[in-house]
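# Here's a sequence, model it:
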Amino acid sequence: MSYFDIILKTWKEQLVAYQQQPHMTPLQKMDVSLGQYRSYLVETFFNTRENPFSQVISATKLGRDQHDLFKKYVSHALAEVKHDLLALSDFFTLGGSMEDVKKLKPLPATQDLINLTYKLAEKNTPLYYLGYLFHVEFMPTQNGKAYIEILKSKGLPPESYTFLQEHVEVDVQHNKMMRLYIDKLVLNDQEMQKFYEGMNAGMDAHFRMVLSAFNRPIEIKQQKFA
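Residues are numbered from 1 along each chain as shown. As a prediction, this is how the structure comes out:
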């Protein structure tokens with residue numbers, strides 16, 4: 001097996017194990033209220049607006065002779081620009097406003113995730129950051145369609161899940177790029193362990209952000225959808 005195949009298999013196994021933990025019950029049931037989904041969108045907005053910047057910082061840790069890989073990595077980061085606005089647009093579709101957003105700041109768990117991404121990006125190799133990126137980009141291609149079906153079952157229109165839909169579609173290509181990164185950068189077991197460190201920390205911080213959002217639903221008096 002290639003290192004990519006080993007990593008993908010390990011991620012899937014760890015994802016199942018993590019989601020079976022007692023504190024993950026809200027995500028296991030996926031009985032998400034409209035207020036919880038609104039909150040998820042706002043926290044996702046706060047987090048994803050930082051991702052292009054942290055990924056570019058991570059790109060500077062590539063070797064100075066890795067020109068082609070650097071170009072792909074930075075292009076990947078640029079493709080993330082304005083994804084935060086998709087989450088914001090979905091929030092507006094569900095009755096939210098910019099005034100609602102201005103009243104809020106990232107929840108502590110969201111800020112922890114943001115801080116983690118910069119910490120991983122500052123390390124002397126992009127492998128740590130790539131571990132985080134692997135998790136957040138394989139999640140939509142693994143479970144995104146199921147999440148969308150849940151939102152559809154609640155009667156929400158397509159305009160309210162453009163962020164999820166975009167990542168279900170676009171992250172398929174990003175997954176292919178991830179294989180390239182791993183093939184070029186993970187050359188031994190020691191380097192794979194660095195990747196796993198970022199992947200495991202990213203998985204934990206990401207899910208803590210989502211659970212924290214669910215624990216602080218955003219209710220709007222003038223609801224368009226029940």
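# Against Lys103, how distant is the residue most central in space within the chain?
Centroid-nearest residue in the chain, with Cα atoms, centre = their mean: Val136, separated by 3.5 Å. With the distance defined as Cβ to Cβ, to the nearest Å, Val136 ends up 26 Å from Lys103. For the C-beta atoms, the positions are set from N, CA and C on the backbone; glycine is no exception.
# Any idea which helix or strand in the protein has the lowest mean pLDDT?
In the chain, no helix or strand scores lower on mean pLDDT, DSSP states H and E than helix 25-29, which sits at a mean of 68.
# how far out from the middle of the chain is the helix or strand Val101 falls within?
Counting by DSSP states H and E, the element that carries Val101 is helix 98-102. With Cα atoms, centre = their mean, to the nearest Å as the basis, helix 98-102 stands 22 Å off its chain's centre.
# for Thr125, phi and psi?
Dihedral pair for Thr125: phi -140, psi 140, per degrees, to the nearest 10.
# Might one say that it is in contact with Thr60?
No: Thr125 is not in contact with Thr60 according to Cβ atoms under 8 Å; the separation is 11.1 Å.
# more neighbours, these two?
Thr125 (17 against 13; other Cβ atoms under 10 Å).
# Now do that one against Gln173, distance only.
For Thr125, the distance to Gln173 equals 24 Å [Cβ to Cβ].
# Same check on Leu69?
Distance, Leu69 to Gln173, using Cβ to Cβ: 16 Å.
# Show me which of those two is the more surrounded one.
Using other Cβ under 10 Å as the criterion, Leu69 and Gln173 rank with Leu69 on top: 18 against 13.
# So the more buried one is in contact with Tyr181, correct?
Yes: if you go by Cβ under 8 Å, Leu69 and Tyr181 touch, sitting 7.3 Å apart.
# Cheers, nothing more for now.
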